[in-house]
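> Sequence isn't available, so here's the structure alone:
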């Protein structure tokens with residue numbers, strides 16, 4: 001998909017603030033330092049629309065990015081890293097859970113995992129949560145450029161085994177450096193938009 005326009009339209013913390021209308025939405029979930037902002041910027045051909053930070057855990061709201069006026073990416077707070085209080089973390093958890101379980105416009109959740117390491121306990125919890133609520137999930141394995149190509153399949157196998165990956169779901173190998181997986185990601189998202 002050629003991206004002609006992309007802008008962040010709202011940062012929401014509760015349903016009343018979500019954008020109106022029925023455009024399809026894709027939420028992005030993952031550990032704070034997994035490369036969500038880099039994924040968004042690569043997918044949208046932008047250098048810094050989503051702010052990448054040397055301090056993981058910066059996203060504290062649901063950030064809605066309107067793309068080509070036809071769909072939204074929704075960046076949700078990263079988990080497992082941010083130096084915030086337990087109370088704040090619980091509030092984030094509730095905010096994310098409310099959005100994911102009640103938003104009719106949500107077509108799928110893009111769960112980003114770091115290909116270099118087996119998915120974390122938090123990654124598994126998030127995957128299991130999405131499966132429990134029967135929310136379509138697209139797993140994107142980031143930082144593929146950091147691993148020799150000859151080892152990609154081995155790392156994918158480890159990721160799938162760790163997550164107890166459902167063969168119905170899609171896993172995409174991705175690199176925000178080289179663009180690996182970008183076209184495949186767009187074609188998967190476009191298929192979901194038609195559903």
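Received the coordinates, thanks. Quick caveat: nothing in here was measured; it's all calculated off a predicted structure. Residues are numbered from 1 along each chain as shown.
> Measure how far whichever strand in the chain runs longest is from the centre of its chain, please.
In the chain, taking DSSP state E as the definition, the longest strand is strand 106-114. On the basis of C-alpha atoms, centre = their mean, to the nearest Å, strand 106-114 sits 4 Å off its chain's mean C-alpha point.
> Please tell me how far residue 20 sits from residue 86.
The gap separating residue 20 from residue 86 is 34 Å, by C-beta to C-beta, to the nearest Å. C-beta here means a position set from N, CA and C on the backbone, and glycine is covered the same way.
> longest helix in this protein, by residue count?
Selection of the longest helix in the chain by residue count, based on DSSP state H, yields helix 86-102.
> Kindly state the pLDDT recorded for residue 91?
What the model reports for residue 91 is a pLDDT of 76.
> again but with residue 72, I slipped
97.
> worst-scoring helix or strand of the protein, pLDDT-wise?
Here the helix or strand of the chain ranked lowest by mean pLDDT, DSSP states H and E is helix 86-102, holding a mean of 83.
> So for this structure, the centremost residue is which one?
residue 28 (2.2 Å; C-alpha atoms, centre = their mean).
> what's the one helix or strand that residue maps to packed up against?
Using DSSP states H and E, residue 28 maps to strand 25-30. Judged by 3 or more C-beta pairs under 8 Å, 6 or more residues apart in numbering; DSSP states H and E, strand 25-30 is in contact with helix 36-43, strand 71-75, helix 86-102, strand 106-114, helix 121-132.
> among the ones you listed, which is nearest residue 146?
strand 106-114 (8.8 Å; C-beta to C-beta).
> Please enumerate residues in contact with that closest one?
Residues from elsewhere that reach strand 106-114 (C-beta atoms under 8 Å, 6 or more residues apart in numbering): 24-31, 34-36, 39, 74, 99-100, 119, 123, 126-127, 130, 135-143, 159, 163, 174, 185, 189, 192-193, 195.
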